[in-house]
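1. predicted structure and sequence below. I'll ask about it afterward.
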Amino acid sequence: MTTPALSILGETLAASLLVSAVSLSGVFALWLKVETLQRVIPYLVALAVGVLLGDAFIHLIPDAVNRQGSVSSVSLLTLAGIFSFFVLEKFVRWRHDHTVPSLEQSPEAKGIRPLAKMNLLGDAIHNFVDGILIGGSFLVDPVLGYTTTLAIVVHEIPQEIGDVGALVYGGYSPKQALRYNFYCSLTVIMGALFTLLLGSIAEASLVFLLPIAAGGFIYIAATDFIPVLHEHSSLSHLVGQTLIFAAGVGFMQLIVIFEHFLLA
């Protein structure tokens, strides 16, 4: 392997590891008292909903349309993503209902809700897509690679914080939520290496992966997380969750503006 190729590999892996490290943004959950964390979780779920939907409709779908050139094709692929996640959740729930708890299982493992597993799956796919974007940008130009990585890091912070809250709500302990969220983030490295090995073929796969990931996010937010928000119907929850939901969407819009400025 030539020196320039080694340099691109090293820079891409370093950028991917940096993005993976962002998954530890929710480390604050380890230091909160249980009572405080329980009060905060509904608002973190609201943040996750806003970020997931904002990412799908403001970032992933428009990016897919720009690459595909056909709104109808992207719409069909997004629906395919929603359908795929519906089938996957059916399978997860079927497995959940037919699994006999083992005596060796921890109390947390016995009570993991399917929505937490679906969130991990969706996050893993999204991180794989991010890895393709990072790898592709470094192949074009190292400067573009750095700016793309910075945009993804800023983009990931609110999502990872919301994800940790959603995983804790789903039955994981704060330590487990942080650990599994980090494991899922490592698919960034897989996506980056996939791009470095296959180049244009990997880049072309974004035409399909972006809308499918968007469909997954829409499904998870609409069917798993939004019903959770309706479990708390007090006025304070109504106002707080609505504002944080909107803030999550607004933050994703700001990130898109930032990305356009950064990558222009």
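-> Ah, there it is.
2. enumerate every residue touching residue 75.
-> Contact partners of residue 75, counting by C-beta atoms under 8 Å, 6 or more residues apart in numbering, are residue 211. To be clear about C-beta, it is placed using only N, CA and C from the backbone, and glycine gets the same treatment.
3. what are the phi and psi values at it?
-> Backbone torsions of residue 75, given as degrees, to the nearest 10, read phi -60, psi -40.
4. again with residue 31
-> phi -100, psi -10.
5. can you count the residues close to it?
-> 9 (other C-beta atoms under 10 Å).
6. return the distance of the most centrally placed residue in the chain relative to residue 160.
-> Taking C-alpha atoms, centre = their mean as the criterion, residue 123 is the residue nearest the geometric centre of the chain, at 3.5 Å. Distance of residue 123 to residue 160, given as C-beta to C-beta, to the nearest Å: 8 Å.
7. identify the contacts common to these two.
-> 181, 185.
8. now for whichever helix or strand residue 196 is part of, which elements pack on it?
-> Using DSSP states H and E, residue 196 sits in helix 187-198. On a contact count with 3 or more C-beta pairs under 8 Å, 6 or more residues apart in numbering; DSSP states H and E, helix 187-198 meets helix 3-21, helix 114-140, helix 200-219.
9. show me what the second one is packed against.
-> When you say that, I think you mean helix 114-140. helix 3-21, helix 71-98, helix 142-169, helix 174-185, helix 187-198, helix 200-219.
10. so which of those comes closest to residue 253?
-> Checking the helices and strands packed on helix 114-140 against residue 253 by C-beta to C-beta gives helix 142-169 as the closest, at 11.5 Å.
11. could you export the helices and strands packed on helix 114-140 as a markdown table, including distance to residue 55 and mean pLDDT?
-> Listed next are the helices and strands packed on helix 114-140 as a markdown table, based on distance: least, C-beta to C-beta, whole Å; pLDDT from 0 to 100:
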| stretch | distance to residue 55 | mean pLDDT |
| --- | --- | --- |
| helix 3-21 | 15 | 85 |
| helix 71-98 | 13 | 87 |
| helix 142-169 | 7 | 88 |
| helix 174-185 | 15 | 94 |
| helix 187-198 | 15 | 92 |
| helix 200-219 | 6 | 88 |
